[in-house]
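> The following comprises the amino acid sequence and a computationally predicted model.
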Amino acid sequence: MTGALIGQETESGFVRGAAVGAISGAVFSIEVFESSLLLWQSDESGILCLLYLIDVIASLLSGRLVRERIGPAMLSAVQSQMGAAETTFENVQNIFDTGSVRGLAGDLVEKIPKITIRSNDNVDASGEKVSCSVCLQDFQSGETVRSLPQCHHMFHLPCIDKWLLSHGGLKAEKLKLRYFKLEELEKATENFSADCLLGSGAFGNVYKGSFEGEGTLAIKRAHVESYQTTEEFRNEVRLLSTVNHPNLVALVGFSEESGPKGAKILVYEYVPHGSLREYIIGRGGRNFTWRQRVNIAIGAAKIAHLHDGIKPSIIHRDIKPSNILIGERFEAKVSDFGLVKMGPIGDQSHVSSQVKGTPGYLDPAYCTSFHLSPFSDVYSFGVILLQLVSGRPAVDTTRNHIIDWARPSIERGNIEEILDTTLLSKPCNMEMMLKMGELGLRCVAKTPKDRPTMTQAYHSNKIVPKAS
């Protein structure tokens with residue numbers, strides 16, 4: 001048994017979709033109305049749209065279709081044509097070729113709740129009637145049900161998506177990520193207590209979570225306004241799932257919940273030794289040696305992987321010391337992809353409707369033109385190189401921006417004038433520090449095309465050979 005999907009938006013704003021397949025030799029087609037518009041666009045594999053059509057088909061065959069969606073005439077015609085009385089849901093769920101891109105994988109077919117006859121006696125904890133077959137199955141198995149106000153059709157689309165996520169289904173499996181229930185995260189963070197708070201920012205709060213038998217993870221709970229839509233959050237999860245590099249903090253899983261306690265949460269590996277910012281300002285009297293600083297610069301430069309190592313490329317947009325974490329072996333791990341943006345194609349740049357980032361690290365060319373490119377990350381990296389050399393903040397009310405402050409000394413070759421004083425008390429390779437400063441100035445060139453790429457900065461013979 002095989003099948004195919006097509007979809008087209010009509011002048012009236014409806015989406016006309018067709019499921020074309022064969023069951024017992026009968027050919028059928030079904031129109032899908034406006035309520036499925038978002039679904040056609042919500043997942044590149046088309047899986048959820050297939051699930052919706054399977055529901056409609058099964059409802060047609062069983063005679064339990066919601067009449068306002070498909071007219072009685074079509075219902076009668078299709079039932080008559082296809083011999084509904086003899087066709088079961090098990091026949092229907094296999095009409096799509098599982099070997100095709102848009103097909104249902106066999107293990108996912110097993111996870112889909114079977115069609116359930118509605119009951120007027122099923123009411124959730126809030127008193128709402130549970131009539132969607134997905135919610136109904138959870139209700140009957142004793143799980144907590146958060147019934148949606150619009151959850152009144154069999155296999156209502158948001159419920160299918162929620163069910164697959166919460167049961168470790170489609171997206172988490174496909175992206176090789178773990179889906180965390182909100183209750184798990186609340187337990188791990190003592191209900192997101194202040195004692196577990198690692199840090200906070202414009203995007204959200206980051207908590208330290210302890211999981212029995214699994215160790216510690218970093219849990220980033222987004223502010224409500226951080227995502228305009230649920231699909232924006234899911235797109236970010238898809239994007240971040242493609243990032244896999246030892247110098248980039250790994251995404252372990254995610255969580256999304258609807259309702260009053262609703263939250264969009266990203267779960268990352270936990271990096272134990274704080275951020276570069278804490279070391280630059282001298283946390284606990286500890287400071288990096290010159291060699292550690294060079295190695296951190298090399299590790300941070302591996303954000304080149306975001307630009308050149310994956311397709312589509314990713315622009316971080318918020319490279320700064322607090323987003324460079326220090327691992328077990330004091331290696332750099334770039335974190336906080338809250339502002340990530342899919343990179344441009346070819347030599348083009350992305351036109352942003354709103355400048356985002358951190359003052360002191362924002363590329364001036366991006367601020368004035370709204371054109372975002374990987375060179376914006378290069379600029380931020382250059383500022384960090386100057387900080388590694390000097391141990392100074394990027395912006396200080398007592399002096400000019402670190403670029404203007406450091407440039408004269410570096411151009412004269414007098415690195416001692418700006419060198420972090422903690423380096424002067426120990427053996428220090430002044431030539432190496434000067435070369436790091438010179439590379440920093442190249443990275444912050446006024447015109448983006450005059451800057452090196454991130455890959456060129458990483459491979460620069462001004463840093464890499466002597467630090468390895």
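Perfect, thanks for sending it.
> For stretch 358-367, list every residue counted as buried.
For stretch 358-367, burial by neighbour count (16 or more other C-beta atoms under 10 Å) applies to 358, 360, 361, 362, 363, 365, 366. (Glycine included, C-beta is placed from N, CA and C.)
> And for stretch 438-452?
Here stretch 438-452 shows 438, 439, 440, 441, 442, 443, 444, 445, 448, 451, 452 as buried, counting by 16+ other C-beta under 10 Å.
> Save the residues you listed as CSV, and put in secondary structure, distance to residue 395 and pLDDT too.
As requested, the buried residues of stretch 438-452 are exported to CSV (DSSP: H, G, I helix; E, B strand; the rest coil; distance: C-beta to C-beta, whole Å; pLDDT from 0 to 100):
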residue, secondary structure, distance to residue 395, pLDDT
438, helix, 22, 96
439, helix, 21, 96
440, helix, 16, 97
441, helix, 17, 98
442, helix, 21, 97
443, helix, 17, 98
444, coil, 14, 98
445, coil, 19, 97
448, helix, 21, 95
451, coil, 20, 97
452, coil, 24, 96
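> Need the three-state assignment for residue 191.
The three-state label given to residue 191 by DSSP: H, G, I helix; E, B strand; the rest coil is coil.
> And for it, the neighbour number?
Neighbour count of residue 191, defined by other C-beta atoms under 10 Å: 9.
> any idea how far it lies from residue 324?
30 Å (C-beta to C-beta, to the nearest Å).
> now residue 177, nearest residue through space, not along the chain?
residue 253 (4.8 Å; C-beta to C-beta, 6 or more residues apart in numbering).
> quick one: average pLDDT of the one helix or strand that neighbour maps to?
Residue 253 is part of strand 251-256, with elements assigned from DSSP states H and E. Throughout strand 251-256, pLDDT has a mean value of 90.
> now the residue lying closest to residue 460 once chain neighbours are set aside: how far from residue 368?
Spatial nearest neighbour of residue 460, excluding adjacent residues (C-beta to C-beta, 6+ apart): residue 439 at 5.8 Å. Noted for residue 439: a distance of 24 Å to residue 368, by C-beta to C-beta.
> ok, now residue 271?
On the measure of C-beta to C-beta, residue 271 and residue 368 end up 34 Å apart.
> pull the helix or strand with minimum mean pLDDT from this structure.
Using mean pLDDT, DSSP states H and E, helix 37-42 stands out as the lowest-scoring helix or strand of the chain, at a mean of 25.
> that older thread, so residue 271 and residue 368 - more neighbours on which side?
Legend: neighbour count by other C-beta under 10 Å for residue 271 and residue 368, higher for residue 271 (21 against 9).
> Please verify my assumption that the more buried one contacts residue 247.
No: counting by C-beta atoms under 8 Å, residue 247 is not a contact partner of residue 271; they are 11.0 Å apart.
> what do those two both touch?
Residues touching both residue 271 and residue 247 (C-beta atoms under 8 Å, 6 or more residues apart in numbering) are residue 333.
> Which positions in the helix or strand harbouring residue 300 come out as buried?
Assigned by DSSP H and E, residue 300 belongs to helix 290-300. For helix 290-300, a neighbour-count test (16+ other C-beta under 10 Å) marks 290, 292, 293, 294, 295, 296, 297, 298, 299, 300 as buried.
> Give me the residue ranges of the stretch 201-350 of the chain where confidence is low.
Scanning the stretch 201-350 of the chain for pLDDT under 70 picks out the ranges 202, 228-229, 231, 258-262, 282-286, 337-350.
> Show me the helices in it, by range?
230-240, 276-280, 290-300, 304 (DSSP state H, counting those that start in this stretch).
> and those helices as CSV, adding distance to residue 401?
Shown next, in CSV, are the helices of the stretch 201-350 of the chain (distance: least, C-beta to C-beta, whole Å):
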stretch, distance to residue 401
helix 230-240, 31
helix 276-280, 16
helix 290-300, 20
helix 304, 25
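> For residue 311, find the nearest of those.
Of all the helices of the stretch 201-350 of the chain, it is helix 230-240 that lies closest to residue 311, at 11.5 Å by C-beta to C-beta.
> where's the nearest residue to residue 277 once chain neighbours are set aside relative to residue 393, distance?
Computed as C-beta to C-beta, 6+ apart, the closest residue to residue 277 that is not its neighbour in sequence is residue 321, at 3.8 Å. To residue 393, residue 321 is 9 Å away according to C-beta to C-beta.
> Please say which of these two ends up with more neighbours.
residue 321 (23 against 16).
> so which two of the buried residues of stretch 438-452 are the farthest from each other?
438 and 448 (18.4 Å).
> ok, back up a step: the residue nearest to residue 277 against residue 293, yeah?
No: assessed by C-beta under 8 Å, residue 321 is found out of contact with residue 293, at 11.9 Å.
> roughly how far apart are residue 221 and residue 194?
Counting by C-beta to C-beta, the gap from residue 221 to residue 194 is 13 Å.
> Between the two, which has more neighbouring residues?
Between residue 221 and residue 194, residue 221 has the larger neighbour count (other C-beta under 10 Å), namely 21 against 8.
> Let me see the contact set for that one.
Contacts of residue 221 (C-beta under 8 Å, 6+ apart): 192, 204, 205, 206, 207, 263, 264, 265.
> Mind doing that once more with 10 Å?
Residue 221 sits next to 182, 185, 189, 192, 200, 203-207, 255, 263-267 when contact means C-beta atoms under 10 Å, 6 or more residues apart in numbering.
> Tell me which of the buried residues of stretch 358-367 fall in strands.
The strands, defined by DSSP state E, take in nothing from the buried residues of stretch 358-367.
> re the thing from before, verify the contact between the residue nearest to residue 277 and residue 288 for me.
No: using C-beta atoms under 10 Å as the test, residue 321 is too far from residue 288 to be in contact (11.7 Å).
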